[in-house]
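A.B. asks: would you be able to build a 3D model of this:
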Amino acid sequence: MTCIAGLVYENEVWIGGDSAGVGGWDLRIRKDTKVFKVNGRFLIGYTSSFRMGQLLRFGFSPPEQKAKIPDYEYMCTAFIDAVRKRFKDGGYLEIKDNKESGGCFLVGYKGRLYAIYESLQVAECVDNYDAVGCGEKYALGSLFMTQNLDNPEQRILQALKTAEYFSAGVRGPFIIEKLIHKK
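C.D. replies: Presented below is the predicted three-dimensional model:
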């Protein structure tokens, strides 16, 4: 289920998501959005599980970044440690063969876009855009084809509409948010 698409434009991170709740062949349009801000410092868009999204949206408080720690290192360490703790405390962290797994989501932080995968690895693509969920490939194709456009909201909307057209697990309405990084 789901398509979450994000991009970096100047000092802004834009993330958009659909509203589908899918289980097998069943589809429900949900009011609880898959894209939201946390502490005014993070913009998150998730797939995988509504429970995972609820844990990230409510009661999740990433620690402050220490001054000398680079952003990517912070995301891979302190941020992920806080995610792991929140998932564990919320009964969502899965442990199998001594390996922990969570879910998949995009995070905007300090003008950068990160993808967090089920293994809790942190990825940052050179393209300055990314997508996750069952509509990921369609959204990525759209974001690639629109990379010369200067309207980030329209690019995200087009990516989500493309994913909706081709994927049975993606449905509007689409929620698009931006986070401005003040240097």
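A.B. asks: gap between the residue lying closest to I4 once chain neighbours are set aside and A67?
C.D. replies: The shortest distance from I4 to any non-neighbouring residue, by CB to CB, 6 or more residues apart in numbering, is to G45 (3.9 Å). Yep, even glycine has a C-beta here, placed from its N, CA and C like the rest. Separation of G45 from A67 (CB to CB, to the nearest Å) stands at 28 Å.
A.B. asks: in the helix ranked longest in the chain, what's buried?
C.D. replies: The longest helix of the chain (DSSP state H) is helix 152-166. Of all the residues in helix 152-166, those buried under the rule 16 or more other CB atoms under 10 Å are 152, 155-164, 166.
A.B. asks: what average pLDDT does that helix get?
C.D. replies: Computed over helix 152-166, the mean pLDDT rounds to 98.
A.B. asks: how far does that helix sit from the chain's center?
C.D. replies: Once both centres are worked out by CA atoms, centre = their mean, to the nearest Å, helix 152-166 turns out to sit 15 Å from its chain's centre.
A.B. asks: same question, stretch 120-134
C.D. replies: With CA atoms, centre = their mean, you get 8 Å for stretch 120-134.
A.B. asks: and the end-to-end length of it?
C.D. replies: One end of stretch 120-134 sits 18 Å from the other (CA to CA, to the nearest Å).
A.B. asks: pull the contacting residues for T77.
C.D. replies: T77 makes contact with I69 under the criterion CB atoms under 8 Å, 6 or more residues apart in numbering.
A.B. asks: for it, phi and psi?
C.D. replies: phi -110, psi -80 (degrees, to the nearest 10).
A.B. asks: list the buried residues of the following helix or strand past the longest helix of the chain.
C.D. replies: Going down the chain from helix 152-166, the next helix or strand is strand 175-180, by DSSP states H and E. For strand 175-180, a neighbour-count test (16+ other CB under 10 Å) marks 175-179 as buried.
A.B. asks: any idea of the pLDDT on the closest residue to I116 other than its chain neighbours?
C.D. replies: Counting by CB to CB, 6+ apart, I116 lies nearest to F105, which is 5.3 Å off, once chain neighbours are set aside. Note for F105: predicted pLDDT of 98.
A.B. asks: tell me what F105 is bridged to.
C.D. replies: Y46, I116 (DSSP bridges).
A.B. asks: hey, where'd the helices end up in this protein?
C.D. replies: In the chain, the helices defined using DSSP H lie at 50-57, 71-74, 80-89, 136-145, 152-166.
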